[in-house]
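>>> Sequence first, then the predicted structure, then my questions.
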Amino acid sequence: MSSLQISSLLSNTFCSSPSIKSSIHVPNLRIPLSLTPKPKPSRKLYEELNGFSHTIPTLQDTSCNNNNDNKTSKATIQLYTILEAVADRVEMHHNIGEQRDNWNTLLLNSINMLTLTATAMAGVAATISANAAPLLALKLSSTLLFSASTGMLVLMNKIQPSQLAEEQRNATRLFKQLQSHIETTLAIGTPTEEDIKDAMERVLALDKAYPLPLLGAMLEKFPKKFEPAVWWPSSLKRINNAKIFKERKQGKRNGWNEGLEMELRDVLEVVKAKDMKDYERLGNLVLKVNKSLAIAGPLLTGIAAVGSACVSQGQGSSWAPIVSVLGGALATAVNSFEHGGQVGMVSEMYRNCGGFFQLLENSIQETMEEDEDQRENGELFEMKLALKLGRSLSQLRDLARKSAYSRVEGTDPDEFASKLF
């Protein structure tokens, strides 16, 4: 009886108070009358209700996509590994280039100081009486200094530090060029096995063309004949970064036409007749000058050493101080001109420029021999060629026209193809 009164009182309270009624929500609880479990909905019904019927891929498609992703990831990782090695080589060649440039400066100053000191001692020894005690000391000191400068000069002329430094500078530039090339390949698309093989060949070719060690692997500094540098693989395999430009629509033939092919042939004729011929002539001239200076320097210091040793030989030794002093002065002048003027560096510069034009010739010839479908886009290739020669497209076409006129008239072109070198 008391429970009924409490329930009726609560019912009257909730009904009479609208604020309480609006603020309290009693959940609608449904107590099942049966304890038997409900059947689970089918997978088809579940997918239709949740909108997954068209979004769940099949197992076969997923496996194919995973395989393609694995292949792409493997090639990309390999190319990134090569890129890291190239970046490391850039730093190595840069550091070693600075070191060998310091060699050139330090050895030049040291040898000149030795030679000038020995020359001064030989001159002072000639003014001292033959019976004086300091004569022997001056004579021996001068002879030893001349001998030391001769040995150091032979070693310096053998390794040519200025030429070594220029080799490392060229290697640094070419490795940076390869580094940017690989970065471009990674940026524009998915690398392939051909890209990886080409990058490896280029790295190994550069390592062979510009070796780091001196003993056993150093390049010949005085070859019998001037030869251009070669830093590319034996068979040029260019990574075509312009595959998206390859199309055969509206008769474009991938950007190639007979006029463009004739233009490239005319430009190549100018490169052969003017640039390559001129750099070969200058390279041979500098090579001969460098050989002569490399022989003259140690020969003069050796003669000066013999003259300083003969200073104290009685009445007939008046020629000895003249020979020693004159030989030391001439040796200093020759050494300063050879290594201070960096004749070896100039020789290496001409060798590198000759290699540049040789690579340009090979690139044009191999491109012309390929099928049009396999070539790089013609307009892009023309633009690259113009940039390599330091010309605009209109200047490149004017050069081709002048070359064609010169060939018809039987005369040589009146200008060089390159405006950079």
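That came through, no problem. This one's a predicted model, so the numbers in the text were calculated from it and none came from an experiment.
>>> and the nearest residue to residue 329 once chain neighbours are set aside, how many neighbours does it have?
Using C-beta to C-beta, 6 or more residues apart in numbering and skipping the chain neighbours, the partner closest in space to residue 329 is residue 119 (6.1 Å). Every C-beta, even on glycine, is put in place using the N, C-alpha and C of the backbone. The local packing of residue 119 (other C-beta atoms under 10 Å) involves 26 other residues.
>>> Let me know the secondary structure of residue 390.
Put simply, residue 390 is coil when judged by DSSP: H, G, I helix; E, B strand; the rest coil.
>>> just checking, it touches residue 416?
No. Using C-beta atoms under 8 Å, residue 390 is not in contact with residue 416, being 10.2 Å away.
>>> between the two, who's got more neighbours?
Set residue 390 next to residue 416 and count neighbours by other C-beta under 10 Å: residue 416 wins out with 17 against 12.
>>> Show me the shaky parts of this protein.
1-73, 129-133, 235-252, 312-317 (pLDDT under 70).
>>> Show me where it has its helices.
With helices called from DSSP state H, the chain shows them at 2-16, 18-23, 43-50, 59-126, 134-159, 161-188, 193-209, 258-270, 277-309, 319-335, 343-369, 378-388, 393-409.
>>> Measure how far the fourth one is from the centre of its chain, please.
What it means is helix 59-126. Distance, stretch centre to chain centre, for helix 59-126: 10 Å (C-alpha atoms, centre = their mean, to the nearest Å).
>>> before we move on, what about stretch 162-173?
That offset, for stretch 162-173, works out to 10 Å (C-alpha atoms, centre = their mean).
>>> Stretch 254-263 now?
Taking C-alpha atoms, centre = their mean, one finds the center of stretch 254-263 at 31 Å from the center of the full chain.
>>> Kindly report the same for stretch 194-204.
For stretch 194-204, the separation from the chain centroid amounts to 14 Å (computed by C-alpha atoms, centre = their mean).
>>> Stretch 375-383 now?
When C-alpha coordinates are averaged (C-alpha atoms, centre = their mean), stretch 375-383 and its chain have centres 23 Å apart.
>>> Also stretch 409-421?
On C-alpha atoms, centre = their mean, the centre of stretch 409-421 falls 28 Å from the chain's centre.
>>> in it, what counts as buried?
Neighbour-count burial for stretch 409-421, counted by 16 or more other C-beta atoms under 10 Å, picks out 413, 416, 417, 418, 421.
>>> what two of the residues you listed are the furthest from one another?
Spatial extent of the buried residues of stretch 409-421 (C-beta to C-beta) is set by the pair 413 and 421 at 16.2 Å.
>>> Next one: residue 280 from residue 156, what distance?
To residue 156, residue 280 is 27 Å away according to C-beta to C-beta, to the nearest Å.
>>> who has more neighbours, the two?
Between residue 280 and residue 156, counting by other C-beta under 10 Å, residue 156 is the more crowded of the two (25 against 17).
>>> What sits closest to the more buried one if chain neighbours are left out?
residue 107 (5.0 Å).
>>> Just give me the neighbour total for that neighbour.
Neighbours of residue 107 under the rule other C-beta under 10 Å: 18.
>>> about what we covered before: ok, of the buried residues of stretch 409-421, which one's closest to residue 125?
Closest to residue 125, out of all of these and judged by C-beta to C-beta, is residue 421, at 51.1 Å.
>>> Now do the contacts for that closest one.
Residue 421 is in contact with 275, 279, 353, 356, counting by C-beta atoms under 8 Å, 6 or more residues apart in numbering.
>>> The last one - how many residues pack around it?
Meaning residue 356. Other residues lying near residue 356 total 21 when counted by other C-beta under 10 Å.
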